[in-house]
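S.K.: Following is a predicted model, sequence given first.
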Amino acid sequence: MSQHSAPRGGAGWALVITSVAGFMAALDNLVVTTALPSIRADLGGALHDLEWTVSAYTLTFAVLLMFGAALGDRFGRRRLFLAGLTVFTAASAAAALAPGIDALIAARAVQGVGAAVMMPLTLTLLTAAVPAERRGMAYGIWGAVNGLAVASGPLVGGSLTEHISWQWIFWLNVPLGLALLPLARLRLTESYGTGAPLDIPGTLLASGGLFGIVYGLVRGPADGWTGTVVLTALSAGAALLVGFVVYGTRAAHPMLPMRLFRSRAFAGINAASLLMFLGMFGSIFLLSQYMQGVLGYSPTQAGLRMLPWTGMPMLVAPLAGLLSDRIGGRPVVAAGLFLQAAGLGYLASVVTADATYAVQLPGLVLGGIGMALFFAPAAALVMSSVRPREQGIASGANNALREVGGALGIAVMGAIFAARGGYESAQSFVDGLRPAVAVGAGVVGLAGVAALAVPSGRRNGVEATPGTAAERTPVDTPAGDTPMPGRGVGTAVRDRPMPRTGVDTPVRDTPTARTTVGTPVRDTPMPRTGANTPVGDTPTARTAADTPLRDTPTPGTPVPDTPVPGAAAPALTPDTGPAAR
């Protein structure tokens, strides 16, 4: 159970601090993409160097994400948040001052370490500061700010690169970090988690395995796929990842419990997330360079022209939420992935050395709508695929797999690009771009197929505040009244009616909307059993099994409004019970 110290600041301060910190970490995922041509012109470097300026960040971020959260639980979340923020801010300054491409890559890797510690703790610190009844709104604001960072990354990077210099995409983090450090120290409340053992072996296996795979994919085009270094890296990486999986099935406290993947819902949505980010990140990495290096747009112009793709989630996400409420998350996520695959496939077919923006726009819009339909329902599907007490692990695993997908996407699609084209001329770039983006489209299409593996019976229209469902669920609640994963107790579940128990005589204060599929008891005549005493201790969805209803008498006591055999049943008045109110 978490332990908290005395509060230092209000929920408002916690929301501001954690949202700005999350914005910084999310922004650095894509802010570099529109600055890559300028970085290459200034610092030099081949294709594999440019890949590492992005992958060094996403890879360290991914493999240390869950480890960073565990560190915070054990040694103090505020303390580790401050440490991560300090590392991230210092590494940003080092990246801005980098004298060469190798120094820039090293600074980006350290940035990823800081972000991996800082980012997961923003949500736990926010949860500790905000009352349970207001967390839904706080999570919505926090998520919107992070979404804005992803959407505006290419535009912010392009504008700073064009009007100041590419170094300012990193300098931007420094004043923000310096302002947040004292505020976090004074205004955030310290809290601790369960103190579970740190999974150092699992972290080392995952880090080594992913580094070997990505390194081999990045170096393959330059060194040859049969080269000793490339084959060794790929083989060692694959062996370490297999070891990570085996370790996760046997360890007492693994970083990523492999038993979670026994759930078809959890395995399906995580496979879809990894494949989606693989296709999306790799495509953005190449298309942003295509717009500047081939079509001649400035960095700002390229960032603006990417907005129909990267910015569409800000507009379409509410519609995606409404659709998932009505028809469930699975069809919405699958439709979004197939739309994005169609958009990438279209772009692969129309890119030329002189393609107009009007020709590219339909593909960008399709991809943006698809991305928007994916994000919100996918997050809800992840949370509803596990038990409430495992939602923190599930969320961390999904975020880590997304980042891994991004790193792999840049490596895989960069290798395809290098094998078929290069930077020698505009036509050479297009020759490499077309097959790479076509592969990206195919990978995102496979993500749509993986999403269809999620059981269709699960709906995600109502999400519980993380952590509250487990806290509010009675230990001995009967099976019929157990809330579905991801939903709090007392939430109306439209698609899975709870079985009735006891005598079917209406009870005045039974919350009707929680026992039938949206139909109040007063509209559904119930058959008589001849018993003149109802079962008074039958629990409803919001009471523990051994707690009687507020107005329900114990067995053997006459019920004022309960009819005797042969008498007409009194109709419930419209203002009876919580459902009518």
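M.R.: Sure, I can see it.
S.K.: Spell out the secondary structure type for Ala252.
M.R.: coil (DSSP: H, G, I helix; E, B strand; the rest coil).
S.K.: mind checking how far it is from Pro377?
M.R.: Here Ala252 is placed at a distance of 34 Å from Pro377 (Cβ to Cβ, to the nearest Å). Heads up, the C-betas are built off the backbone N, CA and C, glycines and all.
S.K.: And Gln289, by the same measure?
M.R.: Relative to Pro377, and taking Cβ to Cβ, Gln289 is found at 31 Å.
S.K.: Between Ala252 and Pro377, point out the one with more neighbours.
M.R.: Taking other Cβ atoms under 10 Å, Ala252 and Pro377 do not tie; Pro377 has more neighbours (30 against 7).
S.K.: Find me whatever residue is spatially closest to the more buried one, sequence neighbours aside.
M.R.: Spatial nearest neighbour of Pro377, chain neighbours left out: Gly329 (3.8 Å); criterion: Cβ to Cβ, 6 or more residues apart in numbering.
S.K.: Quick one: neighbours of the nearest residue to Gly112 once chain neighbours are set aside, just the number.
M.R.: Using Cβ to Cβ, 6+ apart and skipping residues adjacent in sequence, the residue nearest Gly112 is Thr60, 3.1 Å away. Number of residues near Thr60 (other Cβ under 10 Å) recorded here: 24.
S.K.: buried sites along the helix or strand containing Thr60?
M.R.: According to DSSP states H and E, Thr60 maps onto helix 47-75. Residues of helix 47-75 classed as buried: 47-74 (neighbour count, 16 or more other Cβ atoms under 10 Å).
S.K.: repeat for stretch 240-249
M.R.: 240-241, 243-244, 247-248.
S.K.: now swap in stretch 411-421 and tell me
M.R.: Buried, per 16+ other Cβ under 10 Å, within stretch 411-421: 411-418, 420-421.
S.K.: any idea which of those is the one closest to Ala353?
M.R.: Distances from Ala353 to the buried residues of stretch 411-421, taken as Cβ to Cβ, are shortest for Gly421 (11.4 Å).
S.K.: Surely that closest one touches Ala415?
M.R.: No. Between Gly421 and Ala415 there is no contact under Cβ atoms under 8 Å: 11.7 Å.
S.K.: quick one: secondary structure of Val365?
M.R.: Applying three-state DSSP: Val365 is helix.
S.K.: you'd agree Arg79 is up against Glu190?
M.R.: Yes. The criterion here is Cβ under 8 Å, and Arg79 meets it with Glu190 at 6.9 Å.
S.K.: Please tell me how far Gly406 sits from Ser283.
M.R.: 11 Å.
S.K.: now swap in Phe170 and tell me
M.R.: 24 Å.
S.K.: Among the two, which residue is more densely surrounded?
M.R.: Set Phe170 next to Ser283 and count neighbours by other Cβ under 10 Å: Ser283 wins out with 29 against 25.
S.K.: OK, contacts around the more buried one?
M.R.: If you count contacts by Cβ atoms under 8 Å, 6 or more residues apart in numbering, Ser283 has them with 344, 347, 409, 413, 436-437, 440.
S.K.: hmm, back to that, tally up the residues packed near the residue nearest to Pro377, please.
M.R.: 29.
S.K.: cool, the one 4 residues further on as well?
M.R.: The burial count assigned to Val333 is 34, neighbours taken as other Cβ under 10 Å.
S.K.: For it, list the residues it contacts.
M.R.: Contacts of Val333 by Cβ under 8 Å, 6+ apart are 269, 272, 373-374, 377-378, 381, 451, 454.
S.K.: Pull the distance from the host helix or strand of it to the chain's centre.
M.R.: Val333 belongs to helix 329-350 when assigned by DSSP H and E. Helix 329-350 has its C-alpha centroid displaced from the chain centroid by 19 Å (Cα atoms, centre = their mean, to the nearest Å).
S.K.: cool, stretch 286-293 as well?
M.R.: So, by Cα atoms, centre = their mean, the centroid of stretch 286-293 is 27 Å from its chain's centroid.
S.K.: cool, and stretch 41-60?
M.R.: 25 Å.
S.K.: can you tell me the average pLDDT over that stretch?
M.R.: If you average the pLDDT over stretch 41-60, you get 81.
S.K.: now stretch 80-91
M.R.: The average pLDDT within stretch 80-91 is 93.
S.K.: Alpha carbons only: can I get stretch 115-125 in PDB?
M.R.: Extracted C-alpha coordinates of stretch 115-125, given in PDB (Å, rounded to 0.1, in the frame of the first residue of the first chain):
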ATOM      1  CA  ALA A 115      12.800  10.700 -19.500                       C
ATOM      2  CA  ALA A 116      12.300   7.000 -18.600                       C
ATOM      3  CA  VAL A 117      12.600   7.900 -14.900                       C
ATOM      4  CA  MET A 118      10.600  11.100 -15.100                       C
ATOM      5  CA  MET A 119       7.700  10.300 -17.400                       C
ATOM      6  CA  PRO A 120       6.000   7.300 -15.600                       C
ATOM      7  CA  LEU A 121       6.200   9.100 -12.300                       C
ATOM      8  CA  THR A 122       4.200  12.100 -13.600                       C
ATOM      9  CA  LEU A 123       1.100  10.000 -13.500                       C
ATOM     10  CA  THR A 124       1.600   8.500 -10.100                       C
ATOM     11  CA  LEU A 125       2.500  11.900  -8.600                       C
END
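S.K.: picking up where we left off before, surely the residue nearest to Pro377 touches Ala379?
M.R.: No. Here Gly329 lies out of contact with Ala379, judged by Cβ under 8 Å, at a distance of 9.1 Å.
S.K.: shared neighbours of these two, which are they?
M.R.: With Cβ under 8 Å, 6+ apart, Gly329 and Ala379 have no common neighbours.
S.K.: what's the helix or strand for Gly442?
M.R.: Going by DSSP H and E, Gly442 is in helix 426-452.
S.K.: From Ala251, how far off is Leu198?
M.R.: 12 Å.
S.K.: meant to ask about Ile105, not that
M.R.: Counting by Cβ to Cβ - Ile105 and Ala251 are separated by 32 Å.
S.K.: just Leu43 next, same as before
M.R.: Counting by Cβ to Cβ - Leu43 and Ala251 are separated by 42 Å.
S.K.: what about the stretch 1-150 of the chain, any weak spots by pLDDT?
M.R.: 1-9, 135-136, 140, 143-144 (pLDDT under 70).
S.K.: From Asp354, how far off is the closest residue to Ala353 other than its chain neighbours?
M.R.: Nearest non-adjacent residue to Ala353, counting by Cβ to Cβ, 6+ apart: Ala426, 4.2 Å away. For Ala426, the distance to Asp354 equals 8 Å [Cβ to Cβ].
S.K.: The two - which one has more neighbours?
M.R.: Neighbour tally, Ala426 and Asp354, criterion other Cβ under 10 Å: the higher count belongs to Ala426, 16 against 10.
S.K.: Against Ala355, how distant is the more buried one?
M.R.: Taken as Cβ to Cβ, the span from Ala426 to Ala355 is 11 Å.
S.K.: and if you look at Leu287?
M.R.: Distance from Leu287 to Ala355, by Cβ to Cβ: 11 Å.
S.K.: Neighbour count for those two, which is higher?
M.R.: The residue with more neighbours, out of Leu287 and Ala355, is Leu287; 26 against 16, by other Cβ under 10 Å.
S.K.: Is that one part of a helix or strand, or is it coil?
M.R.: Classified using three-state DSSP, Leu287 is helix.
S.K.: thought it was touching Val350?
M.R.: No. Here Leu287 does not reach Val350: they are 11.9 Å apart, not a contact under Cβ under 8 Å.
S.K.: Show only the entries of the buried residues of stretch 411-421 found in helices.
M.R.: 411-418, 420 (DSSP state H).
S.K.: From those residues, pick the one nearest Val365.
M.R.: Met413 (21.5 Å).
S.K.: How about that closest one, nearest residue that isn't a chain neighbour?
M.R.: Gly282 (3.2 Å).
S.K.: these two touch, right, that neighbour and Val412?
M.R.: Yes. Counting by Cβ under 8 Å, Gly282 does reach Val412; the two are 6.3 Å apart.
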